[in-house]
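J.: Kindly generate the corresponding structure for this input.
(one chain, ligands or ions: 1)
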Amino acid sequence: MIDIHVHLAGSLRPETIVAYAKEQGVPLPTYNAKELESYLTAPEKCVERSEYYDLCDMTDWILQDRRSIRQTVSELVQDLDAQGVLYAEIRFVPSLCTTRGLRQEAAVEAAVEGLQRGMRLSENIKANLILSIHPAMDERETFETIVEAEKFLGRGVCGLDIFINEDLYTSDACDWMFGLIRDEQIPFTVHAGEYTTQSIVKAIGHGAKRISQSVKLLDDPELMDKMKQLRVPLEMCPLTNIHLDLVPAYGKHPIRKLYEAGIRVCVGSDHQKVSGTTLKQEYRRLMKYLGFSKEDVYQMNLNAIDGAFISEEEKDALRGKLKEKFDI
Ligand SMILES: [Zn+2]
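T.: Predicted coordinates for the structure are as follows:
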């Protein structure tokens, strides 16, 4: 399987959070790893969007030094490998690691080391990092993240994830950011279309290589045609959409109709611990509740390879590996 949409925040092992929190004096609601695991799992329906994302951000409290960043990235790579993931693009927010003085550059360097260590200790997986631009970031932090992405591009970092308030896309407030990313030729994906399709139009206009979530896309057939023409892959994380109450239930998720309409849909596990899922579990639920076949799931994995921020040679090698090891 291929997971090109998984976040480090929200996917950390509870026992690692507890160990570092104790060491660093970080307050936690509980220092029992089992209890923390259930505390970190989002309720079936979050009343507020922040209820879900506060749980994800909580894990960043401990990611304030090189050692914890290195270890958690390495562990996530190994966890994904154990789940049968052959290639992953792990999203990571370096600007959230700077509260105690760590520089973004050091955070990215440590994450890259963790990535390499994780691959060394794994059986099959290859992985890259995607640096996320987060809603809470100011212009200086955003600029720094883009600089670091450019510096580490092809050396553990494969692109950027724009994860900002959707309203901002329709203004010109972020045009400078998209312009800079374009000038530096950094591939990027955008969380868009959760509330309106205007944000997708804007993101594609700025040159986004992939779009994330976009549960609203079905409302706009013209835009669907455009996405098909441009062959823009759509990363979907169904369980998160349900947690955030954007979709009432699996059986009602638009992913089936979007897939049938020819959109290049793929699936990501998003925040594994907060959502309480893995990629395999997501696919199994899609098969159970929406009638996807094994062949459909295989195709969605091929779509993920097409959209991955890697070279054509690497994509070819990955297609071969998927054919050999695909198991659902
Ligand atoms: Zn996401």
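
J.: Which parts of the stretch 101-250 of the chain are strands?
T.: 126-133, 157-162, 188-192, 210-213, 234-236 (DSSP state E, counting those that start in this stretch).

J.: From Val73, how far off is Glu109?
T.: 11 Å (Cβ to Cβ, to the nearest Å). C-beta here means a position set from N, CA and C on the backbone, and glycine is covered the same way.

J.: More neighbours: which of those two?
T.: It is Val73, of Glu109 and Val73, that has more neighbours when counted by other Cβ atoms under 10 Å, with 27 against 20.

J.: Let me know the secondary structure of the more buried one.
T.: Secondary structure, DSSP: H, G, I helix; E, B strand; the rest coil: Val73 is helix.

J.: For it, which non-adjacent residue is closest in space?
T.: Gly114 (3.0 Å; Cβ to Cβ, 6 or more residues apart in numbering).

J.: which residues touch that neighbour?
T.: Contacts of Gly114 were listed using Cβ atoms under 8 Å, 6 or more residues apart in numbering, and they are 69-74, 77.

J.: Figure out how far the helix-or-strand element of the chain with minimal mean pLDDT is from the centre of its chain.
T.: The weakest-scoring helix or strand in the chain, judged by mean pLDDT, DSSP states H and E, is helix 167-170 (a mean of 72). Centre-to-centre, helix 167-170 and its host chain are 20 Å apart (Cα atoms, centre = their mean, to the nearest Å).

J.: Which strands or helices does that helix pack on?
T.: Using 3 or more Cβ pairs under 8 Å, 6 or more residues apart in numbering; DSSP states H and E, the elements in contact with helix 167-170 are helix 198-205.

J.: Below-threshold pLDDT in the stretch 51-200 of the chain: ranges please.
T.: For the stretch 51-200 of the chain, the stretches with pLDDT under 70 are 59, 170.

J.: 80 instead?
T.: 51-61, 135-136, 164-171, 173, 193-195 (pLDDT under 80).

J.: And the helices in it?
T.: Taking DSSP state H, counting those that start in this stretch, the helices of the stretch 51-200 of the chain run over residues 66-82, 104-120, 139-152, 167-170, 175-183, 198-205.

J.: okay if I get those as a markdown table plus distance to Tyr53?
T.: Shown next, in a markdown table, are the helices of the stretch 51-200 of the chain (distance: least, Cβ to Cβ, whole Å):
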| stretch | distance to Tyr53 |
| --- | --- |
| helix 66-82 | 18 |
| helix 104-120 | 20 |
| helix 139-152 | 17 |
| helix 167-170 | 16 |
| helix 175-183 | 21 |
| helix 198-205 | 17 |
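
J.: in the least confident helix or strand of the chain, what's buried?
T.: Tyr169 (16 or more other Cβ atoms under 10 Å).

J.: what about dumping the CA coordinates of that helix to PDB?
T.: Provided in PDB are the C-alpha atoms of helix 167-170 (Å, rounded to 0.1, in the frame of the first residue of the first chain):
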ATOM      1  CA  ASP A 167     -11.000  31.400   3.600                       C
ATOM      2  CA  LEU A 168      -7.500  32.600   3.000                       C
ATOM      3  CA  TYR A 169      -7.400  31.000  -0.500                       C
ATOM      4  CA  THR A 170     -10.100  33.300  -1.800                       C
END
